[in-house]
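Novice: I need the structure of the sequence given here:
(one chain, ligands or ions: 1)
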Amino acid sequence: MSNYHIKNLEEYFQVYRKSVRNPEVFWEEIAEEHFMWRKKWNRVLSWDFSKPEVKWFEGGQLNITENCIDRHLYTRGDKTAILFEPNNPDEEALHITYKQLHERVCRFANVLKEHGINKGDRVCIYLPMIPELAVSVLACARIGAIHSVVFAGFSAHALATRINDADCKMVITSDGSYRGAKTIDLKGIVDDALENCESVDTVLVVKRIDSDVTMKEGRDLWLQPLLDEAYVDFSPEVMNAEDPLFILYTSGSTGQPKGMVHSTAGYMIYSAYTFKNVFQYKENDVYWCTADIGWITGHSYIVYGPLANGATTVMFEGVPSYPDFGRFWEIVEKHKITQFYTAPTAIRALAKEGVEHLEKYDLSSLKVLGTVGEPINEEAWHWYDDNVGKKKAPIVDTWWQTETGGIMITPIPFSTPTKPTYATLPFPGIQPALMDENGEEIQGNQVDGRLCIKYPWPSMARTIWGNHQRYKDTYFTAFNQMYFTGDGALRDEVGYYRITGRVDDVIIVSGHNLGTAPIEDAINEHPAVAESAIVGFPHDIKGNALYGYVTLKDIGEGRKHDNVRNEINQIITEQIGPIAKLDKIQFTNGLPKTRSGKIMRRILRKIAHKDTDNLGDISTLLNPEVVQSIMDNAL
Ligand code: 7RM
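Specialist: Numbering: from 1, shown residues only. Down below sits the predicted model:
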């Protein structure tokens, strides 16, 4: 019997040991007992990190949508698969049952086929968080086309780069999207992008906001009439285990985004197994992940992982601040959300607005709270624990990456005792290693180093689309025979991991290695601070000195910025030591962020270095406007 569902700490350790001692038997049992195959595999795993090449379940055949939809039809046909909550709270939520999802995906699959899309073709999906986004993803998977979802907040330039890199034949978009009180002209952005894309011959357009758009003759088609006429069933394409399922772009430290390629079987098994355990999903739970499907978190933990488990997964179209900062909590109460998964940046933004927004709503349905995307600072962790979970809902701080396909280091709620700011223990099947600068593995506890993974897991990305060499150089050359994550981590006295941030965020001040995250944590403890970011800048004596960008909530009546500056350095001195004191503290209205909420330290670093002639492409930022004001006020 496989331990598909881990229920206590002892079981976790038992399962973990088994997964390390005999990984092939471990994964084979899970694959066999919990998924639907058209043909069994010949070999569970073959791998060589020096090429690098990794294959799971070779010879096996399946279709992921049969696992995510068809197999639930008998037992859960009338259960809600996707619960759509619109941007406008007055518009009714939509419950799409597994039966209805099946019909929608089949109709869409037929439309794709009729418009020349075949197995292996790439389809770019540029849609807001509406049901058609999940349906189009699944329709691609059903016919074996490779989807490339581009977050619908990216610019025309960024979209064109991604369409061209993958040679997409089709784009699926909408007339526009709602975002709080605003609308965005998505079709216009697609039109601009396609000026520079040769490969696209069809654009399918969902009507969402009923705006006036220009439809290009011979290229653009409204989707709904095509769906209405399409046949309601579609026999899924039988795929090989290692066939690519999707491409998802992630930004690198330089230039061209990296198109991470994920496989079919390994990705399915890992996203499903982690979903079940990390969120302890039970049959009648209503699970909500606030990410966008344009990110890996949405792929794995809004679409594939939940649906493979027959879960009810919420898709929210709107933003946390509309119509006011109580929106998330209103939704939690309305749909009796049981698991809630969000990012530290959202938690900090909501905390900044005060608890009055929460107090109006009943949050007692919540059983598990999750966080992902960046290190969560201690203050935000406690705010989440105290005010959202009322200390009764364990927080799962889940560390993983676009490249890893699924959650890698995380507590198992109700089993693993949590510890603020710690992602805690590796998930079964994951073998982390901390490495030193000489490429040696650091043994024992109470150590820190560069985080690597020393054994393959089923959902690891197999390559970078069109550039295997870059895949090898980026992830498999820094350390021999290991996958290098790019993150630093420490292991505490009991073996818990804490992710300290990107390794390139380490700043050496007077010969001391200082991680930016612990310093930011300390600053964020100051009651007036909403958010902060630390970068280094050249210093004659220390080599580097620290430059802090700090956004304040409200410093209070009659208080002076200089007082706050002194208090911040006081807290840093207390928590880390005087070595980590900031030489410069600039107060800002906001920090430049990526669309997924990660602070863009690269830009802040350039400003601190007074090297602002070439800031690189800032058009893909969430808030490019803050950059100018930070530059104008730079110290
Ligand atoms: C899922 C996702 C990956 C990078 C990763 C880390 C950082 C993600 C955590 C975290 C500390 C966490 N994919 N990161 N989760 N850092 N604690 N729980 O975010 O490809 O967009 O980003 O995000 O640096 O390498 S991603």
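Novice: And the residue of the stretch 301-450 of the chain that's closest to the ligand?
Specialist: Closest contact between the stretch 301-450 of the chain and the ligand, by Cβ to the nearest ligand atom, is at Thr402 (3.5 Å). All C-beta atoms are positioned from the backbone trio N, CA, C, and that covers glycine.
Novice: Hmm, that residue is touching Leu248, no?
Specialist: Yes. Thr402 is within contact range of Leu248, at 5.8 Å (criterion: Cβ atoms under 8 Å).
Novice: So which of these two has more stuff around it?
Specialist: Using other Cβ atoms under 10 Å as the criterion, Thr402 and Leu248 rank with Leu248 on top: 27 against 19.
Novice: for that one, helix, strand, or coil?
Specialist: Using DSSP: H, G, I helix; E, B strand; the rest coil as the criterion, the local structure at Leu248 reads strand.
Novice: Please shift the residue numbers so they start at 683 in all later answers.
Specialist: Sounds good: first residue 683 from here, last item Leu930.
Novice: How about it, nearest residue that isn't a chain neighbour?
Specialist: What sits nearest to Leu930 in space, not counting adjacent residues and going by Cβ to Cβ, 6 or more residues apart in numbering, is Met942, at 5.4 Å.
Novice: Likewise for Thr1020?
Specialist: Nearest residue to Thr1020, sequence neighbours excluded (Cβ to Cβ, 6+ apart): Asp967, at 4.0 Å.
Novice: Identify the residues contacting that neighbour.
Specialist: If you count contacts by Cβ atoms under 8 Å, 6 or more residues apart in numbering, Asp967 has them with 961, 993-994, 1020-1021, 1049.
Novice: Sitting in strands, which of those do you find?
Specialist: Within these, residues falling in strands by DSSP state E are 994, 1021.
Novice: Out of the contacts of Asp967, flag the one nearest to Asn922.
Specialist: Ala993 (26.6 Å; Cβ to Cβ).
Novice: do you know how far that closest one is from Asn959?
Specialist: In this view, Ala993 and Asn959 are 13 Å apart by Cβ to Cβ, to the nearest Å.
Novice: repeat for Ala1290
Specialist: 42 Å.
Novice: Give me the more crowded residue out of the two.
Specialist: Using other Cβ under 10 Å as the criterion, Ala1290 and Asn959 rank with Ala1290 on top: 27 against 24.
Novice: one step back: out of the contacts of Asp967, who's near the ligand?
Specialist: Applying Cβ under 6 Å from any ligand atom, the subset of the contacts of Asp967 adjacent to the ligand is empty.
Novice: I'd like the contacts of Asp967 laid out as a markdown table, including pLDDT.
Specialist: As requested, those are exported to a markdown table (pLDDT from 0 to 100):
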| residue | pLDDT |
| --- | --- |
| Phe961 | 98 |
| Ala993 | 98 |
| Thr994 | 98 |
| Thr1020 | 98 |
| Gln1021 | 98 |
| Lys1049 | 98 |
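Novice: closest to Pro1093 among the contacts of Asp967?
Specialist: Phe961 (11.3 Å).
Novice: How about that closest one, nearest residue that isn't a chain neighbour?
Specialist: Of all residues not flanking Phe961 in the chain, Gln1021 sits nearest, at 4.4 Å (Cβ to Cβ, 6+ apart).
Novice: can I assume the residue nearest to Leu930 sits in a strand?
Specialist: Yes. Applying three-state DSSP, one finds Met942 inside a strand.
Novice: residue contacts, it?
Specialist: By Cβ under 8 Å, 6+ apart, the neighbours of Met942 are 929-932, 1084-1085, 1143, 1146-1147.
Novice: same check, this time on Ala1212
Specialist: Taking Cβ under 8 Å, 6+ apart, one finds 1030, 1034, 1233-1235 in contact with Ala1212.
Novice: Among those residues, name the ones in strands.
Specialist: Per DSSP E, the contacts of Ala1212 map to strands at 1233-1234.
Novice: Backbone dihedrals for Ile871, both of them.
Specialist: Dihedral angles phi and psi of Ile871 (degrees, to the nearest 10) take the values phi -70, psi -40.
Novice: Neighbours of it, how many?
Specialist: Count around Ile871 with other Cβ under 10 Å applied: 22.
Novice: Might one say that it is in contact with Ala842?
Specialist: No. Using Cβ under 8 Å, Ile871 is not in contact with Ala842; the gap is 9.8 Å.
Novice: for the record, mean pLDDT for the one helix or strand Glu692 maps to?
Specialist: Counting by DSSP states H and E, the element that carries Glu692 is helix 691-703. The predicted model assigns helix 691-703 a mean pLDDT of 97.
Novice: and what of stretch 915-934?
Specialist: For stretch 915-934, mean pLDDT rounds to 94.
Novice: Give the buried residues for it.
Specialist: Counting neighbours by 16 or more other Cβ atoms under 10 Å, one finds that the buried residues in stretch 915-934 are 916, 918-919, 921-933.
Novice: Please list which of those also come close to the ligand.
Specialist: Thr932.
Novice: just the buried residues of stretch 915-934 now: which is nearest the ligand?
Specialist: Thr932 (5.0 Å).
Novice: for the closest one, what are its contacts?
Specialist: With contacts defined as Cβ under 8 Å, 6+ apart, the neighbours of Thr932 are 939-940, 942, 978, 1083-1085.
Novice: Farthest pair within these?
Specialist: Those two in those that are separated most widely, counting by Cβ to Cβ, are Pro939 and Gln1083, at 14.3 Å.
Novice: before we move on, which element is the spatially closest residue to Leu1133 that is not a sequence neighbour in?
Specialist: In space, and not counting its chain neighbours, Leu1133 is closest to Ala1171: 4.2 Å by Cβ to Cβ, 6+ apart. Here Ala1171 is covered by strand 1165-1173, with elements defined by DSSP H and E.
Novice: partners of that strand in the sheet?
Specialist: strand 1129-1135 (antiparallel), strand 1179-1184 (antiparallel) (DSSP bridges).
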